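**Q** just the structure for this:
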Amino acid sequence: MASLADIGLSAAINLLSAFIFLLAFAILRIQPINDRVYFPKWLKIFVPIAFLAFSVMVPVNWTNRTLERSNLTYSSIDKLSMSNIPLGSNRFWTHLVMAYAFTFWTCYILKREYHIVATMRLHFLASERRRPDQFTVLVRNVPPDADESVSELVEHFFLVNHADYYLTHKVVYDAKQLSSLVAKKKKNQNWLDYYQLKYSRSKSVRPTKKTGFLGLCGNKVDAMDFYTTEIEKLSKEIELERDKLMKDPKSIMPAAFVSFRSRWGAAVCAQTQQSRNPTIWLTEWAPEPRDVYWDNMAIPYVSLSIRRLIILVAFFFLTFFFMIPIAFVQSLANIEGIERAVPFLKPFIEIKFIKSLIQGFLPGIALKLFLIFLPSILMLMSKFEGFISLSALERRSASRYYIFQFINVFLGSIITGSAFEQLDKFSRLPANEIPKIVGVSIPMKATFFITYIMVDGWAGCAGEILRLKPLIFFHLKNFFLVKTEKDREEAMDPGTIGFNTGEPQIQLYFLLGLVYAVVTPFLLPYIIVFFGFAYVVYRHQIINVYNQEYESAAAFWPDVHGRIIYALVISQLLLMGLFSSKGVANSTPFLIVLPILTIWFHIFCKGRYEPAFIRHPLQEAMIKDTLERTKEPNFNLKEFLQNAYIHPVFKGDEDVDSDVMSEGWEQEPAVVQTKRQSRRNTPLPSKHSGSLSPSHSLNH
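**A** Residues are numbered from 1 along each chain as shown. You can find the predicted model right below:
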């Protein structure tokens, strides 16, 4: 078990590495060659909690001699925790009172922040400039019709049911094949630019290339002629594929972006049921154009449920099988286990510095290495599920990453054994015994989590500002792969901040802080140091480094709030289990009240503030519409929306006539005669819309 000396050595190593990273950043940032690479909230919850914990609970824990009189192996850190208090002691009432104080303070701060964020969101939405997604709704699961195309169905439906506000629409195409051709043409064009640049610098010899695998084998040909021919050939294929998309009904998905004359009209459509059949004509707010994930727009809506079931099963197995390497990581912290496995290393391991290094540093860094590839795997799983916006992909990945870390990093580090062994064990126990078993293990793992916070948090934040991985990759690409200025621009792209990894990491520290605030307060300063590092580092990165890929208007906050609430409830349940093992079961009725109050508080916040994040108030929409009509009475909204929701391959390819692709946006919506022969002269309701047929309604 790691002692204070071991923790001190680990702290020194990680602080030294953080200092080295920051010093390296300061030096590398001023180098001209690195210019293309190097160009959150204060700690409102944990600072007061830490101050109160150290002033009240640490003295209560430290002044006992329970561990000294026992035969148990313990460290100096354990003397600062609840482990140093005898069974059945009245001192546990101090921890109970502190649990109430920490809960009330956390809930107060959360409510205050929720109110501030919701107000800021509404203010931002009311004051921001005109955006296409404010006027546009995505309609999915358009029902099939033998007589009319998807485009005609959509136009008729909205002309009838939203006659005063419907403006125009754009159907969704399955453009995967076209996207592939455009990407291939772009790649060949880049090679042509490279060889033309190379030839312009030395016109004595025309550049050549081999036509075989990776240019390593095959016939040698003139490079510029080869790529010119390839580009011409791809241009013809793109033209044919575009014509096929326009003419083949199977290329048109049963979905469309529908735009309205006002925000009010869009809000009414997006937030209401369109048909008596709730499974068709499904409407939702369209993502911001930058936020659309076009690759998933072609996935049939009916397949989404199956896809999500498949990923749910896959995520279950990923999560629980991953505990096998986690269990191995935990064995690194056990000197005795290593000595039993490799006895010939015992003299080397028993060296004081090596022993401290193994117990204080290696477990955290090994666990961090196991988690490197996890975000990419979870993002691929989210894409397979079929989410249509980048923000939705990141939100789902973040949620899964947090669940994964809770099970594998938190529970997996506390509980020994494989995941399925624990699952089998827990399935045989009464539900009220599970928190007790986990709660008993929590104080013993405080040292591991301290080392993990230092490695993952402290050194990780310092490594983030150094951007060592992007720095190395940029220079490797610049040396081996960059052929043109366009390549260089792509190589230096800093990307985005990565909500799907950063937010779950912060949420894990919230969980650790809330769980250990009462049990082992000594862990709190390490979390505060992490949040201090994170504030400085990520503020710099957001301002100077990362690009903004899309605007969510704080739409992620309900997820953040919810996960902090869950962490609070988990900490309370585990504290109940720990109290039960300490012979103070009479305190259980007082502790049961805490999760009940916390859940009630969460329900209150969801009802009071969450609607601002999932619905747009009609009053706000009307005010904004009225102001804009007063200031800009002649603004051409149709022209503004014309190309907003056209697939990028139609906008980015020079050979594609965007006028043809946007023909649905060009004309004012007019009365279009229905092609349904059986309904031209009948007033019967449409079987799809539940309303009168377009021709009948509009003629009366």
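**Q** can you report phi and psi for Arg615?
**A** Here is the backbone geometry of Arg615 (degrees, to the nearest 10): phi -130, psi 150.
**Q** chain center to the top helix by length along the chain, what's the gap?
**A** Longest helix in the chain by number of residues (criterion: DSSP state H): helix 92-127. Centroid separation between helix 92-127 and its chain, computed with Cα atoms, centre = their mean, to the nearest Å, is 23 Å.
**Q** with stretch 181-193 instead?
**A** 32 Å.
**Q** buried residues in that stretch?
**A** 181-182, 185, 188-189, 191-193 (16 or more other Cβ atoms under 10 Å). Using the backbone N, CA and C atoms, a C-beta is placed for each residue, glycine as well.
**Q** need the three-state assignment for Phe635.
**A** Going by DSSP: H, G, I helix; E, B strand; the rest coil, the secondary structure assigned to Phe635 is coil.
**Q** thought Asp625 was touching it, still the case?
**A** No. Counting by Cβ atoms under 8 Å, Phe635 stays clear of Asp625, with 11.4 Å between them.
**Q** coming back round to it: so which two of the buried residues of stretch 181-193 are the farthest from each other?
**A** Farthest-apart pair in the buried residues of stretch 181-193 is Leu181 and Asp193; separation 18.7 Å (Cβ to Cβ).
**Q** picking that back up, just give me the closest of the buried residues of stretch 181-193 to Ser413.
**A** Out of the buried residues of stretch 181-193, the member with the shortest distance to Ser413 (by Cβ to Cβ) is Val182, at 47.3 Å.
**Q** go ahead and confirm the closest one touches Ile238.
**A** Yes. Using Cβ under 8 Å, Val182 is in contact with Ile238, at 6.4 Å.
**Q** sorry, back to before: quick one: which of the buried residues of stretch 181-193 is nearest Thr588?
**A** Val182 (64.5 Å).
**Q** which helix or strand in this structure has the lowest average pLDDT?
**A** In the chain, no helix or strand scores lower on mean pLDDT, DSSP states H and E than helix 694-699, which sits at a mean of 35.
**Q** relative to Lys220, how far out is Phe213?
**A** Applying Cβ to Cβ, to the nearest Å, the value for Phe213 to Lys220 is 14 Å.
**Q** higher neighbour count, these two?
**A** Lys220 (11 against 8; other Cβ atoms under 10 Å).
**Q** show me where the chain has its strands.
**A** 136-140, 166-173, 208-210, 220-222, 252-260, 282-285 (DSSP state E).
**Q** same list, those, but as CSV with distance to Leu471 and mean pLDDT please.
**A** Shown next, in CSV, are these (distance: least, Cβ to Cβ, whole Å; pLDDT from 0 to 100):
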stretch, distance to Leu471, mean pLDDT
strand 136-140, 40, 93
strand 166-173, 40, 90
strand 208-210, 31, 79
strand 220-222, 37, 83
strand 252-260, 40, 91
strand 282-285, 39, 92
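**Q** take these and lay them out in JSON lines including distance to Lys469.
**A** Formatted as JSON lines, these follow (distance: least, Cβ to Cβ, whole Å):
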{"stretch": "strand 136-140", "distance to Lys469": "36"}
{"stretch": "strand 166-173", "distance to Lys469": "36"}
{"stretch": "strand 208-210", "distance to Lys469": "32"}
{"stretch": "strand 220-222", "distance to Lys469": "38"}
{"stretch": "strand 252-260", "distance to Lys469": "37"}
{"stretch": "strand 282-285", "distance to Lys469": "36"}
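**Q** quick one, which of the ones you listed is nearest to Leu153?
**A** strand 252-260 (8.8 Å).
**Q** for the closest one, C-alpha coordinates in CSV please.
**A** The C-alpha trace of strand 252-260 is given here as CSV (Å, rounded to 0.1, in the frame of the first residue of the first chain):
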residue,chain,number,x,y,z
ILE,A,252,-33.5,10.3,-52.5
MET,A,253,-33.9,9.5,-48.8
PRO,A,254,-37.3,9.9,-47.1
ALA,A,255,-36.1,13.0,-45.3
ALA,A,256,-35.8,16.7,-46.1
PHE,A,257,-34.7,20.1,-44.6
VAL,A,258,-37.8,22.3,-44.5
SER,A,259,-37.4,26.1,-44.1
PHE,A,260,-40.0,28.6,-42.9
